[in-house]
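>>> Model the structure of this input:
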Amino acid sequence: MNKYETTFILGARPRRGQGQRAHRPRVAMGQELGGEVLDIQRWGKRRLSYEIHRKRDGIYTLMLYQGRVRS
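Numbers count the residues shown, from 1 in each chain. Below you'll find the predicted structure:
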């Protein structure tokens, strides 16, 4: 199995509970495809390198997982 990592960014002001639930769909999708989540690291609020949709800050999360490549 190959190891992968994905970083995703939420808005700095997520709706109530969104920050805790944001990784659940990604975990479920990976498990359905035979993968396994190794670690989820919440890096917290950080400044973006450049403004996106008038937003300067975001909440960063890193997900480490492993899975097989389907062809």
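
>>> Give me the secondary structure label for Arg13.
Under DSSP: H, G, I helix; E, B strand; the rest coil, the three-state class of Arg13 is coil.

>>> what's around it, how many residues?
For Arg13, the count of nearby residues is 11 (other Cβ atoms under 10 Å). The C-beta positions use only the backbone N, C-alpha and C, and glycine is treated the same way.

>>> Name the residues of the lengthiest strand in the chain that come out as buried.
As assigned by DSSP state E, the longest strand anywhere in the chain is strand 36-52. Buried residues in strand 36-52, defined by neighbour count with 16 or more other Cβ atoms under 10 Å: Val37.

>>> now swap in stretch 52-64 and tell me
58-61, 63.

>>> Which pLDDT value goes with Glu51?
Listed pLDDT for Glu51 reads 91.

>>> coming back round to it: parallel or antiparallel, list what pairs with the longest strand of the chain.
When pairs are called by DSSP bridges, strand 36-52 turns out to pair with strand 55-67 (antiparallel).

>>> Just the CA trace of the partner strand, in PDB.
Taking Å, rounded to 0.1, in the frame of the first residue of the first chain, the C-alpha atoms of strand 55-67 are listed here in PDB:
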ATOM      1  CA  LYS A  55     -10.100  35.700   3.300                       C
ATOM      2  CA  ARG A  56      -6.600  36.000   4.800                       C
ATOM      3  CA  ASP A  57      -6.700  33.200   7.400                       C
ATOM      4  CA  GLY A  58      -7.700  29.500   7.400                       C
ATOM      5  CA  ILE A  59      -7.700  26.500   9.700                       C
ATOM      6  CA  TYR A  60      -5.300  23.900   8.400                       C
ATOM      7  CA  THR A  61      -5.600  20.100   8.700                       C
ATOM      8  CA  LEU A  62      -3.200  17.400   7.500                       C
ATOM      9  CA  MET A  63      -4.400  13.900   6.900                       C
ATOM     10  CA  LEU A  64      -2.000  11.000   6.500                       C
ATOM     11  CA  TYR A  65      -3.400   7.800   5.000                       C
ATOM     12  CA  GLN A  66      -2.500   4.700   3.000                       C
ATOM     13  CA  GLY A  67      -4.300   2.900   0.200                       C
END
